[in-house]
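Asks: 3D model of this:
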Amino acid sequence: MKDLLTDWKNLASLASIFVIVQVILAYFLGDAFWHPGSYVYTFGGDGSFIYYNMIFHTFFGNGMMLESMNFPNFESIFMTDAQAALSIAFSWIHDVLPGYFTPNKIVGWSHRFHYIMLGFASIYVYKTLELFKINKAISIPASILIILLSPMMIRLSAGHFGLAFPFVFSYTFFFLCQFYLRDQIKKFNVIAFMLVLLFFGLNNFYIGMINLTFSLLISIILLTQKALRKKGFYLLGISVVLIIALYLFIQLTDPGADRIEIQWGYFFNRANLASFLYPPTGILHELLSKVSNPKTGGFETWINLGIIPILILVTAPLLTLLKKPELNKNTYRKLFTILGIAGAIMFIYGSAALYYIPFLRDYFFLKISLLTMFKASARFAWPVYFIATILSMIYLNKVISIDRLSRKYVIPILLFLVFSIWGIETYIYLDQKVFVQMFNNPYSQETKSKMLGIVEDSDIKLEEFQALYSVPLMEGWNDKFHIVPHFNAEFNSILFSMSTGLPMINGMLSRIGITDASNAIQLSADPKIKRALLTQLDQEKDILIVFGKDPEKLTTGEKYLLNQSTLLADEKDFQLRRLTIDQLDLSSFQDSIISKFADAKVSVFDTDSLFFHYENFDNEDPSFSYTGAGSKVINQEGLLISTSLPDSIVGTYESSIWIKLDNHKYGMPEFKLDFLDQEGNVIGGGRFDAFISRDIHHSWVRASEDWTIPAQAKSINVYVENINQTFHVDEWTFRAVDSELVRKSPYEFLFNNYKLK
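Replies: Numbering: from 1, shown residues only. Have a look, this model is predicted:
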């Protein structure tokens, strides 16, 4: 009977924790808590594509391929932001109950799942503290505050809400502590642990790999202890099986894209001590700001421990002198030594410190792409948050057990101050960083009905189209191109696609391959470039252009698409237009240019005899070339071109150069052009690069810019910058924008620095 009463009391504690978390969420979210399908965390950005991908996959997807974007090759649902496991589950439910889901319900159940799992996250922090026999007066409030102040919470407002599952971390921590402290672990608990990490690891690959790496490190450390070797092998087996399972899911669904091997982010979003002690999400940062200017990284690096856990950990050496002997358990010390070693390794990796050791950088990080595949390395330090905060509560529990502090009101006052300050810090974090604003849900049944109404009113027959294409161009997040999407184009493309099931040729995908990104971008290239994607498209079906109104600027290629296409629907913020495959076939246009200059005898022909400057680099490296016999190798910053200008030069000139694309490493070179006067003073110029270029041809990208020649300009210097690897450049041209420059040979034909054959 006593055991039963204890169980009921414990169940009441667990239930109270869950309810308190839900009450706190209801306070901050307001109506969004009670009607989760009517609101969204973010409006635009990464978050919008998670909502879009989930809705599209539920209604129109199938299996483990994400077919909403990157048509016709698509993408593995596990390789981008789609909350993959949830999306697949929703898709299965939709197949069984086809009338149940609406877009609102998909958003709503996704949100409700977050809220429920936050409650369970706190429960498993409590259960972890329970393993260490922590007083309930500490463990109940601490379990709630540890979760609500965790670095995962800010992912709700940042748009990365697929990462906002601290439950996985608290559950993993509980399992590992239980695994160490218990003589035997129940098979049910092992299976539950594996299912949790498999589900959430597939839902978001980051979450799976962070927790599995932590588990793997624990197992390796256990193997070094003779008495714990059996447990070490057991945990190693569990970790390896899960890692292999996640790897196989991803590899078997990978369409074989030529993804960038060394991606941007690992070296920039790295953790440091400031990440834990005084990030902008904490009270300590505010206090330091009054007397200094504390330097911190971007939000990806914020892992605020909280001022209370920090103070407890700082004073811990003194507190150990006062603790009761029975609380100084050797088992706990060994466990936290193991956790601390694993956490330190996670922190070192998350800080990218090893990358700055030349030998490791040159022979490991730059050779093994797996080591740098994570764009936010600081996330790998998240387990340190749980190690530190839970350890601080163990020390706090020791403090309230000290005899000389056991006077009537000392302990209650101490705990009141501790949890009041900690609670205030958590309140500020939630109020100012996490639940800043909830937006009305635009991905709704009402929106879907509106879009389908436009289709019906405009007599658009969806079966005549194979995919849609967003203009101005929308394409990301490939680390070779930095194309900022136009809001009206992006937003309305998402709404139209999720409503109709028409996939996008565009791809806003986390790790999209070079070829797929290039082919989609190339559809917006200058019409003098042939479209490589043309051969992969259905020749019998059209493309629906979603044109976002009021763009700041359209490129020549984007204007061409609009001019060639036929208007179908004209709405306030966007247009729907029909583009046929024939209109994408530019062969006749390009042939007409070649025919125009068929009788030209010279290799370079200028109809107006205007000044131009041209470098073909044919006498340099022969391994690659856009045209001709060679290209110039660039492996350091410096002067690339220097040439004088004639006194008579006036008007607008274009500078252009071709850069070889590869998938080895993120980044592209930038160019700086200076106009110089007679004395060599810089009197004009600027920068241009290939990051935003649409002109891609045969794995080369054209960087160009138009310049108005300043008065008194006597020469130009062109410098190459932002060199983080070896690049090849070819075909430098500086010409008047209204000139016609031709370079021809029996095998090649260049017109205004575009290769037509």
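
Asks: residue 342 belongs to a helix?
Replies: Yes: read with DSSP: H, G, I helix; E, B strand; the rest coil, residue 342 is one of the residues of a helix.

Asks: how much space separates the residue nearest to it when sequence neighbours are not counted from residue 644?
Replies: With CB to CB, 6 or more residues apart in numbering as the measure, residue 217 is the residue that lies nearest to residue 342, at 4.0 Å, once sequence neighbours are left out. Placement of C-beta: from N, CA and C, glycine included. Distance, residue 217 to residue 644, using CB to CB, to the nearest Å: 62 Å.

Asks: chain center to whichever strand or helix holds residue 108, what's the gap?
Replies: Per DSSP states H and E, residue 108 falls inside helix 103-131. Distance of helix 103-131 from its chain centroid, counting by CA atoms, centre = their mean, to the nearest Å, is 23 Å.

Asks: and the next helix or strand after that helix, what does it pack onto?
Replies: Moving toward the C-terminus from helix 103-131, the first helix or strand encountered (DSSP H and E) is helix 136-148. For helix 136-148, the helices and strands in contact under the criterion 3 or more CB pairs under 8 Å, 6 or more residues apart in numbering; DSSP states H and E are helix 2-29, helix 103-131, helix 166-181, helix 382-399, helix 410-429.

Asks: and helix 136-148, which residues are buried?
Replies: Buried residues in helix 136-148, counted by 16 or more other CB atoms under 10 Å: 138-148.

Asks: of residue 217 and residue 644, who's got more company?
Replies: residue 217 (21 against 11; other CB atoms under 10 Å).

Asks: pull the contacting residues for the more buried one.
Replies: Residues touching residue 217, when contacts are defined by CB atoms under 8 Å, 6 or more residues apart in numbering, comprise 341-342, 345-346.

Asks: for ChimeraX, write the select line for the buried members of these.
Replies: Burial among the contacts of residue 217 is assessed by 16+ other CB under 10 Å; the matching ChimeraX selection reads:
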select :342,345,346
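
Asks: wait, which of the contacts of residue 217 is closest to residue 76?
Replies: When these are compared for distance to residue 76, the smallest value, 26.3 Å, is given by residue 346; criterion: CB to CB.

Asks: state the distance from the closest one to residue 374.
Replies: Following CB to CB, the distance that separates residue 346 from residue 374 is 12 Å.

Asks: overlap in contacts of the two?
Replies: Between them, residue 346 and residue 374 share the contacting residues residue 380, judged by CB under 8 Å, 6+ apart.

Asks: give me the pLDDT for residue 357.
Replies: The predicted local distance difference test score for residue 357 is 85.

Asks: which residue ranges form the helices in the stretch 651-757 of the chain?
Replies: All residues of the stretch 651-757 of the chain lie outside helices when identified by DSSP state H, counting those that start in this stretch.

Asks: what do you get for the stretch 451-600 of the chain?
Replies: Taking DSSP H, counting those that start in this stretch to define them, one finds helices in the stretch 451-600 of the chain at 487-500, 514-522, 556-564, 581-584, 587-596.

Asks: sketch out the low-pLDDT regions of this structure for me.
Replies: Counting by pLDDT under 70, the chain shows low-confidence ranges at 1-8, 317, 319-329, 403-408, 600-609.

Asks: domain-wise, how is it divided?
Replies: 165-258, 260-401, 445-585, 590-755 (automatic domain parsing).

Asks: closest to residue 72 out of those?
Replies: Distance to residue 72, taken as CB to CB, is lowest for domain 445-585 among the domains of the chain, at 5.4 Å.

Asks: what's the end-to-end length of the closest one?
Replies: This stretch, domain 445-585, spans 38 Å end to end (CA to CA, to the nearest Å).

Asks: stretch 299-307 now?
Replies: 18 Å.

Asks: do stretch 362-373 as well
Replies: Distance across stretch 362-373, first residue to last, is 16 Å (CA to CA).

Asks: could I get the buried residue list for that stretch?
Replies: Buried residues in stretch 362-373, defined by neighbour count with 16+ other CB under 10 Å: 365-366, 369, 371-373.

Asks: closest to residue 392 among the residues you listed?
Replies: Residue 392 lies nearest to residue 371 out of the buried residues of stretch 362-373, by CB to CB, at 31.8 Å.

Asks: quick one: buried residues of the helix holding residue 108?
Replies: The neighbour-count check on helix 103-131 (16+ other CB under 10 Å) flags 103-111, 113-115, 117-131 as buried.

Asks: before we move on, the earlier item: right, and the helices and strands packed on helix 136-148 - which one's nearest residue 46?
Replies: Closest of the helices and strands packed on helix 136-148 to residue 46 is helix 103-131, at 14.5 Å (criterion: CB to CB).

Asks: that closest one - contacts with which helices or strands?
Replies: Packed on helix 103-131, when contacts are counted by 3+ CB pairs under 8 Å, 6+ apart, are helix 2-29, helix 45-60, helix 84-96, helix 136-148, helix 166-181, helix 382-399, helix 445-457.

Asks: need those in CSV (columns: distance to residue 190).
Replies: Converted to CSV, these look like this (distance: least, CB to CB, whole Å):
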stretch, distance to residue 190
helix 2-29, 22
helix 45-60, 30
helix 84-96, 20
helix 136-148, 23
helix 166-181, 8
helix 382-399, 20
helix 445-457, 42
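
Asks: to residue 416, which of the ones you listed lies closest?
Replies: Distances from residue 416 to each of these were compared by CB to CB, and the smallest falls on helix 136-148, at 10.1 Å.

Asks: which residues touch the closest one?
Replies: With CB under 8 Å, 6+ apart as the test, helix 136-148 has contacts from 13, 16-17, 20-21, 24, 118, 121-123, 125-126, 129-130, 134, 153, 166, 170, 306, 386, 389-390, 393, 396-397, 400, 415, 419, 422-423, 426, 429-430.

Asks: quick one, which of these are buried?
Replies: Buried residues within the contacts of helix 136-148, counting neighbours by 16+ other CB under 10 Å: 13, 17, 20-21, 24, 118, 121-123, 125-126, 129-130, 134, 153, 166, 170, 306, 386, 389-390, 393, 396-397, 400, 415, 419, 422-423, 426, 429-430.

Asks: still on that earlier bit, can I get the domains of the chain in CSV with distance to residue 74?
Replies: Rendered in CSV, the data for these read as follows (distance: least, CB to CB, whole Å):
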stretch, distance to residue 74
domain 165-258, 7
domain 260-401, 19
domain 445-585, 8
domain 590-755, 19
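
Asks: list the contacts of residue 334.
Replies: When contacts are taken as CB under 8 Å, 6+ apart, residue 334 is in contact with no other residue.

Asks: look up how far residue 124 lies from residue 335.
Replies: Using CB to CB, we find residue 335 at a distance of 17 Å from residue 124.

Asks: now swap in residue 240 and tell me
Replies: In this structure, residue 240 and residue 124 are separated by 24 Å, where distance is defined by CB to CB.

Asks: contacting residues for residue 477?
Replies: Under the criterion of CB under 8 Å, 6+ apart, the neighbours of residue 477 are 508-510, 512.

Asks: my guess is residue 452 meets residue 501, correct?
Replies: No: counting by CB atoms under 8 Å, no contact exists between residue 452 and residue 501, whose distance comes to 10.5 Å.

Asks: now do residue 548 against residue 575, distance only.
Replies: 9 Å.

Asks: backbone phi and psi for the residue nearest to residue 255 when sequence neighbours are not counted, please?
Replies: Closest residue in space to residue 255, ignoring its immediate chain neighbours: residue 73 at 5.4 Å, by CB to CB, 6+ apart. Reported as degrees, to the nearest 10, the phi and psi values for residue 73 are phi -90, psi -30.

Asks: which one is the residue nearest the centre of the chain nearest to, not counting chain neighbours?
Replies: In the chain, the C-alpha closest to the average C-alpha coordinate belongs to residue 510, at a distance of 5.4 Å (CA atoms, centre = their mean). The shortest distance from residue 510 to any residue that is not its chain neighbour, by CB to CB, 6+ apart, is 4.5 Å, and that residue is residue 80.
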